[in-house]
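> What follows is a predicted structure for the sequence shown.
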Amino acid sequence: MCGHISVAAVLLAATTAMAQSELSPKGTPAPSQPAVGGVVDANGTLSTKASESLPDVKELIEAYVQATGGSAAWAGLRGLESSWVWSLDTESGTLNIKADVSGAFRSEMAMNESEWQESQGCDGKQAWIEDAAAVCHVASEAVRTQLQMQYDPTAVTHLMSYAKAVTTSGEVTIAGRPTWRVILVPKVGSSMYFFFDQETNLLVRWEFSRPTGGSPVLVERGFNDYQPVGSLMIPHTIRERSRAGTVEFKLESVSAKEIPAAMLAMDECAKEAFALAAPATRSADQDSHRSDGPMHENLVKLIGPDLMTASGQAIDSRVLNDVPNVLLYFSAKWCGPCRRFTPQLVNYYEETGADRDFAVVLVSSDRSADNMLEYMKGSKMNWYTVPYERIQPSGIKQAWGGRGIPNLVWLGPADQVIERSYVNGRYVGPNHVLNAFKTRNGDSAEASAAGS
């Protein structure tokens, strides 16, 4: 998959695994066996310690609470608004966060001397990520849990509420200091490690695996420089490390305050992402499905009056009203994976002949109209494209695009998404869509032969 390479690769969508840290013993236990020697309580939760020589998890959390301000101070906190500066190699920027204790938050990250920016949000129940193209993507339940634990300022004080199983598993030395290691198996997702300094009782590290479209990315978040914010003590330096690099965050300003719910509510971009991610009802005969108005009425409105061919000829966009299915193909000449997939789509298009019940529409990410047409001609794309000057203002990328390309989206007659290259925010690729499309008339043998 082709996409932007930036600090976002470290924080939001890294797809490579981090090298094992010499300071951090790994070997995450399977969810069915979170630890050895613990005691399961009446609720089925392992909430004690692996041996009698280790402190109970509840004791560690209570010690942390007392070291950082006490129960009363934490109970009085309603939310935090904070501003951070970050740096990664030669890049730097800002991170602004508004978060309350319900798990709702908004974060906005920008890069200095660049138009790049991304954001994350959660209304307390559902989380989303808005990419640099201003397109929102639904966060999986596992990612939502991780983000809520990351942004909720009181998360460590009620760590048990996230746990299906949790136990103190042993003693580990980090940077020359002894720490207690806690293994937590969340209700959703993979196990996590938390490290509490034995002398100060402060949380000094959190390790977890963030699920992605490929291999999970292993992340270490180190917490340093605890300083007072009102009656509380919170870290003023955070270092987040993965295979992609180490991002250092420095706290510039912070205010303990109640964040109005309206500031954390789902915005239109997020609402659209959740609407598009809703499972489409697929009928036995897609060709018989019709919308109340003309087919692809919304898509045609977004495109405008004209489509274009590879030769530059303008075609009335209402030609899409005559076919029940449209395959939107988000692609570009500069994208290697796109060039590998495009011949498959071209071959299938040519094999189906003139009586085909679908149209293909290219939505280009090329850097110029000339590059787009060169790509179409060179690849023998005998289908349509959205005119280059209409691609961004049309909103098609915001409506159906993903975080990267190649991306194939199958739209039914009412512009409902039937199949797409992103499923619940996870990239499954264009072959998934093309193979599904080939089976719409029961031709499963051909799709099976196509492979991936």
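Yep, that arrived.
> any chance you could map the helices in the stretch 101-250 of the chain?
Assigned by DSSP state H, counting those that start in this stretch, the helices in the stretch 101-250 of the chain fall at 141-151.
> pLDDT weak spots in it?
212-215 (pLDDT under 70).
> and Cys338, how many residues sit next to it?
Cys338: 24 surrounding residues under other Cβ atoms under 10 Å. No exception for glycine: its C-beta is placed from N, CA and C like everyone else's.
> which residues make contact with whichever strand or helix holds it from outside it?
Using DSSP states H and E, Cys338 sits within helix 336-352. Helix 336-352 has contacts (Cβ atoms under 8 Å, 6 or more residues apart in numbering) with 1-2, 327, 329, 331-333, 356, 358, 360, 379-383, 405-406, 408, 429-431, 434, 438, 450.
> buried subset of those residues?
Neighbour-count burial (16 or more other Cβ atoms under 10 Å) is assigned, among those, to 1-2, 327, 329, 331-333, 358, 360, 379, 381, 383, 405-406, 408, 429-431, 434, 438.
> Using CSV, write out every CA atom in the helix holding Cys338.
Written as CSV, here are the backbone C-alpha positions of helix 336-352 (Å, rounded to 0.1, in the frame of the first residue of the first chain):
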residue,chain,number,x,y,z
GLY,A,336,4.3,0.4,-7.2
PRO,A,337,1.6,-1.7,-5.6
CYS,A,338,-0.9,0.1,-7.9
ARG,A,339,1.1,-0.8,-11.0
ARG,A,340,1.1,-4.4,-10.0
PHE,A,341,-2.7,-4.6,-9.4
THR,A,342,-3.9,-2.4,-12.3
PRO,A,343,-3.3,-5.1,-15.0
GLN,A,344,-5.6,-7.4,-13.1
LEU,A,345,-8.4,-4.9,-13.2
VAL,A,346,-7.7,-4.0,-16.8
ASN,A,347,-7.8,-7.6,-17.9
TYR,A,348,-11.0,-8.3,-16.1
TYR,A,349,-12.6,-5.2,-17.6
GLU,A,350,-11.6,-6.2,-21.1
GLU,A,351,-12.7,-9.8,-20.6
THR,A,352,-16.2,-8.8,-19.6
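> hang on, the earlier thing: which members of the contacts of helix 336-352 are positioned in helices?
Per DSSP state H, helices hold the following members of the contacts of helix 336-352: Ser379, Pro430, Asn431, Leu434, Lys438, Ala450.
> Please identify the one among these that lies nearest to Ala275.
Distance to Ala275, by Cβ to Cβ, is smallest for Pro430 among the ones in helices among the contacts of helix 336-352, at 22.1 Å.
> Now that closest one. Nearest residue, chain neighbours left out?
Counting by Cβ to Cβ, 6 or more residues apart in numbering, Leu408 is the residue found nearest to Pro430 once chain neighbours are left out, at 3.7 Å.
> just Tyr422 next, same as before
With Cβ to Cβ, 6+ apart as the criterion, Tyr422 has its nearest non-adjacent residue at 4.4 Å, and that residue is Gly402.
> now the helices for the stretch 251-400 of the chain?
Under DSSP H, counting those that start in this stretch, the stretch 251-400 of the chain gives helices at 261-264, 268-277, 297-303, 336-352, 369-379, 391-394, 396-400.
> Next, the angle from the fifth one to helix 336-352.
Right, helix 369-379. Helix 369-379 and helix 336-352 are oriented at 50 degrees to each other (axes from the mean of the first three to the mean of the last three Cα atoms, to 10 degrees).
> Report the contact partners of the residue nearest to Tyr422.
Val135, His137, Phe330, Arg420, Ser421, Tyr422, Tyr427.
> Thr237 - how many residues pack around it?
15.
> Would you agree it is in contact with Glu248?
Yes. Between Thr237 and Glu248 there is a contact under Cβ atoms under 8 Å: 7.0 Å.
> Quantify the burial of Arg114 by counting its neighbouring residues.
One thing to correct before we go on: residue 114 is Ser, not Arg. Quick note: Ser114 (other Cβ under 10 Å) scores 11 neighbours.
> ok, now Glu199?
8.
> Tell me what the nearest residue to it once chain neighbours are set aside is bridged to.
Using Cβ to Cβ, 6+ apart and skipping the chain neighbours, the partner closest in space to Glu199 is Arg177 (7.0 Å). Arg177 has these beta-bridge partners by DSSP bridges: Ile174.
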